[in-house]
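>>> Need coordinates for the following:
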Amino acid sequence: MTLPTTRHQPDATPPPGYDPRAFPAFAVTVDVVILTLRDARLQVLLIRRGGAPFEGAWAIPGGFKRPTETLDEAAARELTEETGVDAAPLLRQFGAYGDPDRDPRMNVVTVGYLAVLRDVPPPVAGTDAAEAALVPVAEILDGRRTLAFDHERIVRDAVDRVRLELEVSGLATEFVGDSFTLAELRSVYEAVWGVHLDAANFRRSVAGDAWIVPTGHRTRPGPNGGRPAELYRAGAAWRTGGPLRSPRTIDRRSPT
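Below is the predicted model:
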């Protein structure tokens with residue numbers, strides 16, 4: 001015999017005597033890491049802070065979550081307000097940071113967001129950002145450029161996530177767009193992993209329609225002549241993984 005089931009809404013009211021003031025207050029922010037390739041180098045979108053704390057220092061875009069918005073909405077809004085870049089559909093959470101002294105103003109927990117873009121339009125500083133620019137990731141990881149708050153750690157974690165995802169997902173194709181040459185695809189791995197890959201070996205690794213499908217088109221002839229490169233599109237295999245594994249000799253501190 002099947003017993004009848006009843007559906008009821010769980011009680012969502014606070015327990016009697018509950019006082020939220022009995023708990024320490026803290027704020028929630030979002031910080032956004034936008035990565036792209038430019039001039040065959042891995043670059044990150046930064047803003048120069050226009051106010052205290054860390055006035056004049058470089059930082060990743062971000063800010064406080066408003067009470068009426070979700071984390072995703074806050075990340076998309078802050079990115080657009082501070083840089084003019086709209087990447088809302090591509091933003092995804094990759095980490096949270098809550099060290100009690102990470103922000104001198106108060107106890108602030110931040111949620112890190114990441115997006116990989118093929119093309120980043122010229123950033124335009126807005127709201128409390130004095131400047132916005134694309135900067136080589138290597139300058140941050142090598143210590144040549146200091147960031148506000150704990151943003152160096154956040155950028156480092158984002159780069160590590162992208163390096164891993166090149167092995168286990170189709171993230172590499174997000175750097176190159178709908179059609180690409182083999183040289184463009186290879187440059188993604190070289191820039192993110194900080195290595196040089198042999199062109200012939202790379203071609204063998206991605207050979208076959210599972211990974212790359214010829215489009216029947218070629219690039220435009222270059223100013224120095226030569227045979228235009230063949231254009232490809234991503235095959236179905238990218239949906240379940242990637243064709244390469246990171247070399248053991250990779251220097252994880254300094255992508256090119």
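
>>> what does the longest helix along the chain rub up against?
Counting by DSSP state H, the longest helix found in the chain is helix 151-168. Helix 151-168 is contacted from outside by 31, 33, 35, 42, 44, 59-60, 94-95, 97, 110, 112, 114, 116, 137, 140-141, 146-147, 171-172, 188-189, 192-193, 241-242, 244-246, 250, 252, 255, using CB atoms under 8 Å, 6 or more residues apart in numbering. To be clear about C-beta, it is placed using only N, CA and C from the backbone, and glycine gets the same treatment.

>>> next SSE after that helix?
helix 172-176 (DSSP states H and E).

>>> so how far is that following helix from its chain's centroid?
Taking CA atoms, centre = their mean, to the nearest Å, the mean C-alpha location of helix 172-176 is offset from the chain mean by 12 Å.

>>> what comes into contact with that helix?
Under CB under 8 Å, 6+ apart, the answer for helix 172-176 is 36-37, 90, 116-118, 166, 180, 184-185, 188-189, 234, 238, 242.

>>> ditto for stretch 111-118
Outside stretch 111-118, the residues that touch it by CB under 8 Å, 6+ apart are 28-37, 71, 75, 85, 87, 90-97, 154, 157-158, 161-162, 171, 174-177.

>>> Just the buried ones from these, in ChimeraX syntax?
Per 16 or more other CB atoms under 10 Å, the buried members of these correspond to this ChimeraX selection:
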select :28,29,30,31,32,33,34,35,36,37,71,75,85,87,91,94,95,97,154,157,158,161,162,171,174,175,176
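
>>> Return the subset of the contacts of helix 172-176 lying in strands.
If you go by DSSP state E, the contacts of helix 172-176 have 36-37, 116, 234 in strands.

>>> Tell me the buried residues within the contacts of helix 172-176.
Here, 16+ other CB under 10 Å leaves 36-37, 116-117, 166, 180, 184-185, 188-189, 234, 238, 242 buried among the contacts of helix 172-176.
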